[in-house]
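Peer 1: Output the structure for:
(one chain, ligands or ions: 2)
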Amino acid sequence: MKPEEINNLLMPFSVELNLETGEMLNPKNHIVRKASDMKGYYADSDALNNLIEKKNDPLHYEVFEVPVPAESGQLMYCISKLQPGKIGDEFFMTKGHYHSIAETAELYICLRGKGYMAMKTSAGKWNAQKMTRGKMVYVPPCWAHRSINTGKEPLISFCVYRGDAGHNYGDIEQEGFPKRIFERGGKVVIE
Ligand code: PAN
Ligand code: ZN
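Peer 2: Ligands and ions are numbered 1, 2, ... in the order given. Model (predicted):
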């Protein structure tokens, strides 16, 4: 098919990032997750409730996007910015998800901060890749994924995946991940 024959041909466009801060300068979507959005995700739910009450439900993480049509030929991309901190001993993390089209791969590039990309399959396989500035992490098809910030500054990454992938949070809400990442005696412990 000639490009001219495609309905609603998308015009090329550009988006600017500040590579120092990792921020997207003019996002169209800004998804905000606060501590209260994370109920049920951490091992220590009392510590999470304490944080929500005593620190006035602080910001947990954000996603910045300039969305494209949710179609198979498009590439959806975003900046993810996860705050540093702990719930009890457990490092701040994102909720984690599979994609609605489970066979979706995703590429992450860490722009700032440090932590891990934890991944699992529905059959129970688990893997974690370190995230540091300049690291690219390939999340293969069928792996659920979540970012975990083990550093003292925001963990910021760029990610890209097929435009029609969608997100499936429900399965991770039910299953969780087989391992968590804690700070114990000043050390990062995965267990
Ligand atoms: C990322 C994530 C982002 C937020 O853009 O959506 O880091 O994490 P949760 O989706 O787990 O809340 C991505 O993987 N998109 O597909
Ligand atoms: Zn994803």
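Peer 1: Return the set of buried residues in the longest helix along the chain.
Peer 2: With DSSP state H applied, the helix covering the greatest number of residues in the chain is identified as helix 45-54. Neighbour-count burial for helix 45-54, counted by 16 or more other C-beta atoms under 10 Å, picks out 48, 51-52. Any C-beta I mention is one placed from the backbone N, CA and C, and that applies to glycine too.
Peer 1: Dump those residues to a markdown table, plus pLDDT and distance to residue 22.
Peer 2: Listed next are those as a markdown table, based on pLDDT from 0 to 100; distance: C-beta to C-beta, whole Å:
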| residue | pLDDT | distance to residue 22 |
| --- | --- | --- |
| 48 | 98 | 26 |
| 51 | 97 | 24 |
| 52 | 98 | 26 |
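Peer 1: any chance of those residues in a markdown table, with distance to residue 18 too?
Peer 2: Shown next, in a markdown table, are those (distance: C-beta to C-beta, whole Å):
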| residue | distance to residue 18 |
| --- | --- |
| 48 | 31 |
| 51 | 29 |
| 52 | 31 |
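Peer 1: which one among those residues gets closest to ligand 1?
Peer 2: Using C-beta to the nearest ligand atom, residue 48 is the member of those that lies nearest ligand 1, at 15.6 Å.
Peer 1: Contacts only, for residue 24.
Peer 2: Shown in contact with residue 24 (C-beta atoms under 8 Å, 6 or more residues apart in numbering): 15-17, 64-66, 78-79.
Peer 1: Leaving out chain neighbours, which residue sits closest to it?
Peer 2: Excluding its sequence neighbours, the residue lying closest to residue 24 (C-beta to C-beta, 6 or more residues apart in numbering) is residue 64, at 4.2 Å.
Peer 1: Can you tell me the SS state at that neighbour?
Peer 2: Taken by DSSP: H, G, I helix; E, B strand; the rest coil, the conformation at residue 64 corresponds to strand.
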